[in-house]
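**Q** Below are the sequence and a predicted model; questions follow.
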Amino acid sequence: MNIETVIKCAISALLVAFLVCTHEAPKATVRFATTTNLSAKPRIVLDTTKLGYGYCHSSPADIDEGTTSLLEILNRITVSSYFRYFKVNSAKPCPYWAVSLLCTSTENTCDVCKCDENLIPEALRANEDMSELNTPDGSIMPAVLQPMNLDDWGDWLKMDDGAEYVDLVSNPEGNTGYSGPLAVQVWRAIYAENCLSSDKDEACQELSILRTLLSGLHMSINVHVCTSFYKDPELASPQHSAGIYNNPNISFYPSCEMYNKRVAAFPEFVGNLYILYQFILRALAKARPFFTNDVSIFNTGPRGEATLADLQLHANIKELFDSRLICSPTFDEGAFLESEKGRSLIPQFKSMMLNVTRLMDCVTCEKCRIWGKLQTKGIAVAMKIIMNPENERISLDRSEMVTLVNLARQLAFSVRNAQRLGTVCKEDA
């Protein structure tokens, strides 16, 4: 399998994750336990050899143990104004084919409520679509071309790109009942054409990491959908008190049928989720100076001063970077970069991720599109951080920090629930 075919395969696999139909079963068929046995053995047993092959050092047990507290921290961080408001153009035309919108869920629609710009703290108002990658060719640009802090943003020309603010906390990723037969048919065909090759095992380890990362995102999407499947307006679901959501006014019942069929049945793909998670945790760890050297960048006061909410965010940021998992050995980029093959693939990885972010405009569920654009950019940002030579200086702007942290939160949610639902859902549901 040549490199071009593998890249097509990876893109196709990701698009299938976003475009596949999710049909709602009658709520009466949902079966789950009302309590979770936290001491129970993990239902999904992961192959630790595969984790090592993916350049990861933390064991599944270490990840599971550390994620419970890390998700709580990330939940507190992502509800702050700095990280919850995402300016994005969700109406861009697909550059490759005509698309149409069709959602079937009556409980959690595809539509996203936009925010009035006047409600966004002035210090956080962006001039551009925050989902766009800053480097059109996928390369790392000189740091001076990017704003270093919020004060620099005012010097940029205001661009009318159709982008609007979205409150990510009020529009969580989950089941929308999206059904797009044409899109599914097209991308399933592309996936089958490019991925069903008998020589797939001949691909080098360095190249396989790309497929692994995208497969991990695919599984993360599945976990979000089956965890947040049936809306719970009475806030009566046991999940509401489980500490997994970052919005106290939103709750869901899971689809155990989907969990059993699309998550628990595929431990290898859950393992890929753990590899992507460690990749993103490593990127966060390396990005620590951008978050901690000058916490005043998070201030939203009218004169640049810190509000009480900002001071709490400062404390949460410190807690995040002092947390066990961030300080633990996770993804080993040294082993990847010491390989000549690995180094040679970096430009192609970046170019491929740029293509993936553009393909998100072909996802016809608006909510799925927004989360897809955010999370694929987050992976691209992580690549920029991790695969950058140590002697080359980079910078991160606010959009990159927002996408990276929110992606980390989404993955922590998925890792937490991949095993939690194993003790909540009955295997015969």
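**A** Looks like it came in fine.
**Q** Report the separation between the most far-flung residue of the chain relative to its centre and N118.
**A** Centroid-distance maximum for the chain: R303 at 33.0 Å, with Cα atoms, centre = their mean. To N118, R303 is 18 Å away according to Cβ to Cβ, to the nearest Å. Bear in mind the C-beta positions are built from the backbone N, C-alpha and C, glycine included.
**Q** still on that earlier bit, for the residue farthest from the centre of the chain, identify the helix or strand it belongs to.
**A** Using DSSP states H and E, R303 falls within no helix or strand.
**Q** Can you check the pLDDT for it?
**A** Note on R303: pLDDT of 92.
**Q** What's the separation between it and M130?
**A** Distance, R303 to M130, by Cβ to Cβ: 24 Å.
**Q** cool, and I275?
**A** Taking Cβ to Cβ, one finds I275 at 26 Å from M130.
**Q** Please apply the same query to P347.
**A** 24 Å.
**Q** Show me where the stretch 101-250 of the chain dips below the pLDDT cut-off.
**A** 101-109, 111, 135-161, 178-206 (pLDDT under 70).
**Q** Sketch out the strands for it, chain order is fine.
**A** 114-115, 164-167, 230-231 (DSSP state E, counting those that start in this stretch).
**Q** After the helix or strand hosting E65, which helix or strand is next? Please name it.
**A** Secondary structure assignment for E65, by DSSP H and E: helix 60-78. Using DSSP H and E, the next helix or strand after helix 60-78 towards the C-terminus is helix 81-84.
**Q** Give me the residues contacting that next one.
**A** In this structure, residues lying in contact with helix 81-84 by Cβ atoms under 8 Å, 6 or more residues apart in numbering are 77-78, 120-121, 124, 167-169, 298, 300, 309, 313, 398, 402, 405-406.
**Q** tell me what the helix ranked longest in the chain is packed against?
**A** Secondary structure of the chain per DSSP state H: the longest helix is helix 398-424. Where contact means 3 or more Cβ pairs under 8 Å, 6 or more residues apart in numbering; DSSP states H and E, helix 398-424 is packed against helix 60-78, helix 81-84, helix 205-227, helix 256-262, helix 267-286, helix 366-386.
**Q** Hey, what's the angle from that helix to helix 205-227? Just curious.
**A** 70 degrees (axes from the mean of the first three to the mean of the last three Cα atoms, to 10 degrees).
**Q** ok now stretch 224-233, how far from the chain's centre?
**A** 17 Å (Cα atoms, centre = their mean, to the nearest Å).
**Q** Can you say which helix or strand has the closest residue in space to V295 that isn't next to it in sequence in it?
**A** Spatial nearest neighbour of V295, excluding adjacent residues (Cβ to Cβ, 6 or more residues apart in numbering): H314 at 4.5 Å. H314 belongs to helix 308-321 when assigned by DSSP H and E.
**Q** Quick one: distance of whichever helix or strand comes after that helix to the chain centre.
**A** Going down the chain from helix 308-321, the next helix or strand is helix 324-327, by DSSP H and E. Centre-to-centre, helix 324-327 and its host chain are 19 Å apart (Cα atoms, centre = their mean).
**Q** same question, stretch 331-340
**A** Worked out by Cα atoms, centre = their mean, stretch 331-340 lies 23 Å from the chain centre.
**Q** got it, and stretch 254-273?
**A** Computed by Cα atoms, centre = their mean, the chain-centroid distance of stretch 254-273 equals 17 Å.
**Q** what about that stretch, start to end distance?
**A** Start-to-end span of stretch 254-273 (Cα to Cα, to the nearest Å) is 19 Å.
**Q** just stretch 231-242 next, same as before
**A** 16 Å.
**Q** buried sites along that stretch?
**A** K231, D232, S237, P238, Q239, H240, A242 (16 or more other Cβ atoms under 10 Å).
**Q** And for S59, nearest residue in space, chain neighbours not counted?
**A** For S59, ignoring the flanking residues on the chain, the nearest one in space by Cβ to Cβ, 6+ apart is T48 at 6.2 Å.
**Q** now do D62
**A** Leaving out its chain neighbours, the residue that sits closest to D62 by Cβ to Cβ, 6+ apart is S328, at 6.7 Å.
**Q** One more: V88?
**A** Using Cβ to Cβ, 6+ apart, the closest residue to V88 is S131 (4.6 Å).
**Q** Which residues are in contact with that neighbour?
**A** By Cβ under 8 Å, 6+ apart, the residues touching S131 are F86, V88, N89, T357, M360, I370, K373, L374, K377, S399, T403.
**Q** now it: how far from H240?
**A** According to Cβ to Cβ, S131 stands 30 Å off from H240.
**Q** weakest of the helices and strands packed on helix 398-424 by average pLDDT?
**A** For those, mean pLDDT drops lowest on helix 205-227, to a mean of 87.
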